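>>> return a 3D structure for these sequence lines:
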Amino acid sequence: MSGFAHLADIDCEKLLGVRKNVHDFRTKYGHYLDKAHDKKISQRCRFWFYAKISKEESENENDWDICVSAILNEAFDSLEAVKKVLGIVVEKDEKLLYQQWWIKQKRNIPKYRKIAMLDEIKLLYQLPYDSEIFYQRNQKQFDMVLGILDFSD
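Model prediction:
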């Protein structure tokens, strides 16, 4: 959806910001942080805390309540922005917009789904190959074929 944010004059960061913040907090509090990348995550969390409670870390329950309310408000604002963008896409109802979105979706098919597709083909035609190995050897061609196919059925 962030690729269409410009249609509603919305900054892409408004759509993705809360997602990044939640990811940073999940990483900070759910994993052991010790790498340079992790230090950047900790720093972004400290900046967010400082912006919300004027402290680098939440120290008590009241601070956490303020932070929870802030992240929920950011999530609500982000969802409202997504709703606005979706409304504009529906209003324009242009086939080109739909095709652009669909092409992006086809490019983002996860590896496990592609291998599952190969498994289905293997069973359907009773072909003797290992789907994982076949995908590794033919990944470029497989992705090219997926880009051509029409999945509207």
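>>> so where's this structure uncertain?
Filtered on pLDDT under 70, the chain yields the residue ranges 1-3, 32-33, 93-97, 103-107, 147, 149-153.
>>> hmm, 80 instead?
In the prediction, the chain carries residues with pLDDT under 80 at positions 1-15, 31-38, 89-109, 143-153.
>>> could you pull out the helices for it?
With DSSP state H as the criterion, the chain has helices at 12-30, 36-53, 61-92, 95-107, 111-125, 131-137, 139-148.
>>> got a markdown table for the ones you listed, with distance to residue 5 and mean neighbour count too?
Every C-beta, even on glycine, is put in place using the N, C-alpha and C of the backbone. Below are the helices of the chain laid out as a markdown table (distance: least, CB to CB, whole Å; neighbours: other CB atoms under 10 Å):
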| stretch | distance to residue 5 | mean neighbour count |
| --- | --- | --- |
| helix 12-30 | 5 | 15 |
| helix 36-53 | 21 | 14 |
| helix 61-92 | 6 | 14 |
| helix 95-107 | 13 | 12 |
| helix 111-125 | 26 | 13 |
| helix 131-137 | 33 | 14 |
| helix 139-148 | 24 | 11 |
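>>> can I get these in a markdown table with distance to residue 4?
Converted to a markdown table, the helices of the chain look like this (distance: least, CB to CB, whole Å):
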| stretch | distance to residue 4 |
| --- | --- |
| helix 12-30 | 9 |
| helix 36-53 | 26 |
| helix 61-92 | 5 |
| helix 95-107 | 7 |
| helix 111-125 | 24 |
| helix 131-137 | 31 |
| helix 139-148 | 20 |
